[in-house]
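[1] Fold the following and give me the result.
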Amino acid sequence: NKQWMEDFLAANGVGILVEKINVRVSRVPLTELDAALLMEMVMCCKAIMNNSTGMDKVLTTSGAIDAIARCLEFEWKALALEALEILSVCCFYSAEGTYLTLNGLRHASRSLQESPFLSLIKAVSEQDVEIRHAIVVLINYMVSGVANIQLRILLRQELEAVGFSEICQSSIISTQKDIH
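    This is a model prediction of the structure:
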């Protein structure tokens, strides 16, 4: 319902949703209940982002993309796949979506005290083919979504610094072995 969505957005529904995601994703350890509730909240974000009004509202809500990036908990595959899909769509949607996604992933890395994009690269080497595919799609959209050539070079250097090319090559070989 269009009116319901407009009322939800006007009432700061996205801000409240982001706040609740941040509270839940900060729990240590993250339990099955936490992951299930995060999944529902991330799916609510996805539903909101299903049209340009909702997408624009999520992109302009402070911390929204950061919160979704923090949901990349690869031990919870379904949650990670939803977050990867949303982040990929943000990159595809606009340059601003790409910028916010890159910053969200960098902030998530800093909160884990690791190099930018390291958790994504680790997941490419450790997770199944479905997760690997979703990560490579996201990285492709991120790189192609950066219009400024200097920033694109910086992003490629960050990915190379964490061994993206090597991990991709070994992942391709591993996947081929799995197929045969």
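
[2] Other residues contacting stretch 34-47?
    Contact partners of stretch 34-47, identified using CB atoms under 8 Å, 6 or more residues apart in numbering, comprise 14, 17, 20-21, 24-25, 27, 30, 54, 58, 64, 68, 71, 73, 76, 78-79, 82-83, 85-86. Backbone N, C-alpha and C define where each C-beta goes, glycine included.

[3] filter those residues to the buried ones?
    Buried members of the contacts of stretch 34-47, counted by 16 or more other CB atoms under 10 Å: 14, 17, 21, 24-25, 30, 54, 58, 64, 68, 71, 73, 76, 79, 82-83, 86.

[4] The residues you listed in helices, which ones?
    14, 17, 21, 24-25, 54, 58, 64, 68, 79, 82-83, 86 (DSSP state H).

[5] Just give me the closest of those residues to I167.
    The nearest member of these to I167, counting by CB to CB, is A83 at 19.7 Å.

[6] Could I get the pLDDT score of the closest one?
    A83 carries a pLDDT value of 98.

[7] That one contacts A67, correct?
    No - under the criterion of CB atoms under 8 Å, A83 is not in contact with A67, lying 9.6 Å apart.

[8] Overlap in contacts, these two.
    Common neighbours of A83 and A67 (criterion: CB under 8 Å, 6+ apart): none identified.

[9] burial measure for Q157, as a count.
    Per other CB atoms under 10 Å, the neighbour tally for Q157 reads 9.

[10] That should have said K2, apologies.
    By other CB under 10 Å, 8 other residues sit near K2.

[11] Then N1?
    If you count neighbours by other CB under 10 Å, N1 ends up with 7.

[12] Retrieve the pLDDT associated with it.
    81.

[13] can you tell me how far it sits from I121?
    42 Å (CB to CB, to the nearest Å).

[14] Over to E40?
    Applying CB to CB to E40 and I121 gives a distance of 28 Å.

[15] In terms of neighbours, single out the busier of these two.
    I121 (22 against 11).

[16] Might you list the low-confidence residue ranges for the protein?
    Applying pLDDT under 70 to the chain flags no residue at all.

[17] mind listing the strands for it?
    Per DSSP state E, the chain has no strands. Nothing in it meets that criterion.

[18] Looking at this structure, name the residue that lies furthest from the middle.
    Going by CA atoms, centre = their mean, the residue of the chain most distant from its centre is H180, 31.1 Å out.

[19] TSV for the ones in helices among the buried ones among the contacts of stretch 34-47, including distance to N148?
    Putting these into TSV (distance: CB to CB, whole Å) gives the following:
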residue	distance to N148
V14	28
L17	31
I21	30
R24	35
V25	30
G54	27
V58	23
A64	23
I68	23
L79	32
E82	29
A83	25
I86	24
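
[20] if we take these, which one ends up nearest to V136?
    Among these, A83 lies closest to V136 (CB to CB), at 15.1 Å.
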